[in-house]
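Student: would you be able to build a 3D model of this:
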Amino acid sequence: MTYIKFGECLTSLLSILDISANRLSKAINVDSSLVNRWVNGKRIPGYDSIYIESITEYFAKNFLNSLQIQRLNELFLSACDNRELAGMPKEMIAKLLLEAQGYSMECKRRERINRLQKGQNPINDENPLFAINELTHSVALSKEDKIIFQIETILSAAVSLLEIAAQQTCENNETIYITYNNDMSLANQNRHLMDGLRNALLNAINKGWQVILLVHLNSNINRIISLIKFAKPLVKTGKFNSYYLNKYYTSGTGRENITVPGIGALSCFSTGENSEVNCAFYFRNEIAVEVFKNYYQMLIANHNQPLIKYYARENSHIFNQCLLKREETIGDRFLYKPCAGLVTLPENLYLKLLKKKSRSHDELLRALTFFQKRLAAFLANVKEYQCYDIYSADSIKDLIKQRKYFLYSPSGLEPVDLEVEDAVELLENMVAFLIKYENYNIAFLTQNEGTESSVNSSYYCLVKERQAIFFEVLDFLEGEPGVRLAITEPMLVKAFEDYFKDIWEQIAPVNKNKQELIQWLKSQINLLKK
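Tutor: Numbering: from 1, shown residues only. As a prediction, this is how the structure comes out:
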């Protein structure tokens, strides 16, 4: 892919169609001098203008032959590398112009900032607010910059910045930076505003933005659990990452920040005796926002480590090796899965279900080996350590009524239909495990219990005590995990353990008492056999 500026892109399109700048200006009803400034790179159409749409409409109607379309294809593939739109003139032109517009805007912004940081005035900058005072080496703030007070107002301002980001497509994977330094619990904040903040982040992610959270970790487990609850929907997107300060026990700074590049920044402070934020500087000045962005990029590069390790689809074997290695270590294990876990499947049934998915011989062998090693690790640990499996109550209902099951293999979670005898065999094996292993525990999570009640059936999470967290989300359209990640930072692993224990405590005794469950499962088996 080769980035081209707007003037170069427009010149190439005019050449392909044999259209003059003057003719274009008349067609879209603008002065010819404006088109000439576009061509020469002296001006760029604004994001809020209708010029891109007008140019696209006009150009798309003026193709005369296949040679012109071929030349457009060549330009498009070199600049956009998107074969899905190849052969579609209007869509290619729009994409070309928008990409070139964004690239030119970014180049202009960086040029202006570089000159300002060197103490030079921007050349032909039309906004005097960004001009540097050569005597004081300072930049005037914009009319929108202000100081705001009270946490509700600050959170509302943060949501507003993120909503602006969510209203425009981010083409360059730009990153939003957020900090979490203080000891205050996210749960103590206005629930409505915190939900609004998270939803705004999710909307921005859907528009192409990345999100990075810089978090200060300490021994306050409740604080980390609050963070887990807030961040879990963001993690599932695969576009959320988190970094933590190299030092654990340094005290919180009392300062929080949200920076949305190109849009705005909030620098928040605590001026009271406690650590709760109560005032903030609100910036829309472009230079101020760029300073914050550069500062947090420096922090990440020099003083922080990543909390989350994502695994690309082509590295699924590495993910599975890491998962198996951790399962083989000693310690308690906690699992959330939409339906019965892998180790509760009889080996012959597991092989039968794999064959239903039309696996090759090598895939079958690899999956079976993986299953056998997972089972061996489980059996080695369950004799001495507690194993807690939490399943969705609805999944058991689906298993019994519709014989729906999610099969776990090295490829991820996959839906599979069971025959009646398959469902019976699975439930009988589950009962046998509950009876045989005192340390093996199952709970069924209903819709009105805990924060996990709305978890999507594709969600899978395994926590190994003092070792790691493994997390997967299945992409049903692709038939394989859309997100796979691992977390090994000890404080976060400990927080996840406590988080699972808290969920376990919220589940009604009737849905986790071993003897109650054994009797209930046996009754369901008898119904299936009729």
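
Student: tell me the secondary structure for residue 265?
Tutor: What DSSP: H, G, I helix; E, B strand; the rest coil gives for residue 265 is strand.

Student: so residue 328 touches residue 375, yeah?
Tutor: No. Using Cβ atoms under 8 Å, residue 328 is not in contact with residue 375, being 11.5 Å away. C-beta: built from backbone N, CA, C; applies to glycine.

Student: tell me the pLDDT of residue 62.
Tutor: The model reports residue 62 with a pLDDT of 89.

Student: before we move on, what about residue 478?
Tutor: For residue 478, pLDDT reads 49.

Student: same check on residue 176?
Tutor: 95.

Student: list the contacts of it.
Tutor: By Cβ atoms under 8 Å, 6 or more residues apart in numbering, the contact set of residue 176 is 162, 165, 201, 204, 209, 210, 211, 212, 258, 259, 260, 261.

Student: any chance of these in a markdown table, with pLDDT and secondary structure too?
Tutor: Shown next, in a markdown table, are the contacts of residue 176 (pLDDT from 0 to 100; DSSP: H, G, I helix; E, B strand; the rest coil):
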| residue | pLDDT | secondary structure |
| --- | --- | --- |
| 162 | 93 | helix |
| 165 | 91 | helix |
| 201 | 94 | helix |
| 204 | 93 | helix |
| 209 | 93 | coil |
| 210 | 92 | strand |
| 211 | 95 | strand |
| 212 | 93 | strand |
| 258 | 94 | strand |
| 259 | 95 | strand |
| 260 | 94 | strand |
| 261 | 91 | coil |
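
Student: between the residues you listed, which is closest to residue 113?
Tutor: Closest approach to residue 113 among the contacts of residue 176 (Cβ to Cβ): residue 261, at 11.3 Å.

Student: assess the claim that the closest one and residue 288 are in contact.
Tutor: No. With contacts defined as Cβ under 8 Å, residue 261 does not count as touching residue 288, sitting 11.5 Å away.

Student: residue contacts, residue 64?
Tutor: Listed by Cβ under 8 Å, 6+ apart, the contact partners of residue 64 are residue 17.

Student: that one belongs to a strand?
Tutor: No. Going by three-state DSSP, the assignment for residue 64 is coil, not a strand.

Student: which one is residue 380 nearest to, not counting chain neighbours?
Tutor: Leaving aside its sequence neighbours, residue 380 sits nearest to residue 328 (Cβ to Cβ, 6 or more residues apart in numbering; 7.4 Å).

Student: which ones are touching the one you found?
Tutor: 373, 377, 380.

Student: do residue 324 as well
Tutor: The neighbourhood of residue 324, defined by Cβ under 8 Å, 6+ apart, consists of 370, 373, 374, 377.

Student: now secondary structure, pLDDT and distance to residue 464 too, for the residues you listed, in TSV please.
Tutor: TSV is the format used below for the contacts of residue 324 (DSSP: H, G, I helix; E, B strand; the rest coil; pLDDT from 0 to 100; distance: Cβ to Cβ, whole Å):
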residue	secondary structure	pLDDT	distance to residue 464
370	helix	91	16
373	helix	94	15
374	helix	92	12
377	helix	95	10
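
Student: using neighbour counts, trim those to the buried set.
Tutor: Buried members of the contacts of residue 324, counted by 16 or more other Cβ atoms under 10 Å: 370, 373, 374, 377.

Student: let me have those residues in JSON lines, extended by distance to residue 484.
Tutor: Putting the buried ones among the contacts of residue 324 into JSON lines (distance: Cβ to Cβ, whole Å) gives the following:
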{"residue": "370", "distance to residue 484": "15"}
{"residue": "373", "distance to residue 484": "18"}
{"residue": "374", "distance to residue 484": "16"}
{"residue": "377", "distance to residue 484": "19"}
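
Student: ok, the contacts of residue 324 vs residue 529, which is closest?
Tutor: Comparing those against residue 529 with Cβ to Cβ places residue 374 closest, at 28.9 Å.

Student: quick one, longest helix in the protein?
Tutor: Ranked by residue count and defined by DSSP state H, the top helix of the chain is helix 89-117.

Student: one step back: looking at the contacts of residue 176, which is nearest residue 89?
Tutor: Of the contacts of residue 176, the one sitting nearest to residue 89 (Cβ to Cβ) turns out to be residue 209, at 29.8 Å.

Student: who does the one helix or strand residue 367 maps to touch, helix- and strand-wise?
Tutor: Secondary structure assigned from DSSP states H and E places residue 367 in helix 361-382. Here helix 361-382 touches helix 316-327, helix 347-356, strand 404-409, going by 3 or more Cβ pairs under 8 Å, 6 or more residues apart in numbering; DSSP states H and E.
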